[in-house]
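*Asks:* coordinates for the following, if possible.
(one chain, ligands or ions: 2)
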Amino acid sequence: MRRLLLSLTLLTLSACARPASSLYTPVEADPQLVTPGPVVLTVVNAAGKEFTFTRAGLAALGLVRFSTPDPSRKNEAHEYTGPLLSAVLREAGIAQTATLHLVALDKYKTDLKLAPIRDVPVILALKSDGQLLEPRNFGPVYMTFPYGGVKLDPNIYNAAWVWQLYRIEERPGGA
Ligand SMILES: Nc1nc2c(c(=O)[nH]1)N[C@H]1C(S)=C(S)[C@@H](COP(=O)(O)O)O[C@H]1N2
Ligand SMILES: [Mo]
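*Replies:* Ligands and ions are numbered 1, 2, ... in the order given. As a prediction, this is how the structure comes out:
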């Protein structure tokens with residue numbers, strides 16, 4: 001019991017200490033994201049170990065949402081819901097300061113250095129404005145940034161709003 005209390009206290013403390021949490025809102029479990037389905041995202045850490053995720057598997061890491069202007073959608077504001085990228089990386093044993101190689105279904109590829117945006121919550125969106133994302137509308141997984149709340153250089157980060165994201169590889173020497 002004491003150990004339980006201690007870990008609860010530590011959990012609470014680390015939750016309070018988490019920076020930038022006002023940039024997103026936790027979301028209850030979503031009925032559209034609980035049914036079993038295909039693998040939508042593969043994550044590979046620097047050791048070469050692969051982790052595969054269905055939508056439900058990603059949702060189980062904890063859902064959050066934010067609203068943000070979207071540079072891929074004429075800077076219109078949209079709401080995005082999904083797990084935090086940080087939670088997915090933690091699950092795959094990837095450092096929060098890694099460099100990531102991102103690959104999309106349309107063969108688009110780009111690298112993203114996380115060290116400069118360590119405290120910025122990035123959402124791997126599975127839903128937008130209440131709708132499940134599919135390949136025809138940026139899905140199944142869309143990497144989204146809180147442009148509404150943090151000043152991020154569009155010349156660097158617009159290219160990291162990867163839609164149809166299906167693979168994340170940790171690049172060596174990223175941290
Ligand atoms: N899947 C996928 N995501 C992508 C791209 C792409 O071609 N395919 N282009 C990237 C780039 S270079 C930018 S600047 C933004 C916005 O792209 P757009 O100007 O073509 O809308 O989306 C990023 N995400
Ligand atoms: Mo771009």
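
*Asks:* immediately after the worst-scoring helix or strand of the chain on mean pLDDT, which helix or strand?
*Replies:* Lowest on mean pLDDT, DSSP states H and E among the helices and strands of the chain sits helix 2-17, with a mean of 46. Using DSSP states H and E, the helix or strand that follows helix 2-17 in sequence is strand 25-27.

*Asks:* report how many residues lie close to the closest residue in space to residue 50 that isn't next to it in sequence.
*Replies:* Among residues not flanking residue 50 along the chain, residue 44 sits closest, at 5.1 Å (C-beta to C-beta, 6 or more residues apart in numbering). Every C-beta, even on glycine, is put in place using the N, C-alpha and C of the backbone. Residue 44 sits with 17 neighbouring residues when counted by other C-beta atoms under 10 Å.

*Asks:* and residue 44, backbone torsions?
*Replies:* Per-residue torsions, residue 44: phi -120, psi 120 (degrees, to the nearest 10).

*Asks:* which parts of this structure are helices?
*Replies:* Taking DSSP state H, the helices of the chain run over residues 2-17, 55-59, 85-91, 154-157.

*Asks:* ligand 1 contacts on this structure?
*Replies:* Residues of the chain found near ligand 1 (C-beta under 6 Å from any ligand atom) are 71-72, 104, 106, 108, 158-159, 161-164.

*Asks:* sort out for me which of the residues you listed are in strands.
*Replies:* Residues of the residues of the chain next to ligand 1 located in strands (DSSP state E): residue 104.

*Asks:* now list the buried members of the residues of the chain next to ligand 1.
*Replies:* Burial by neighbour count, judged by 16 or more other C-beta atoms under 10 Å, picks out 71, 104, 161-164 from those.
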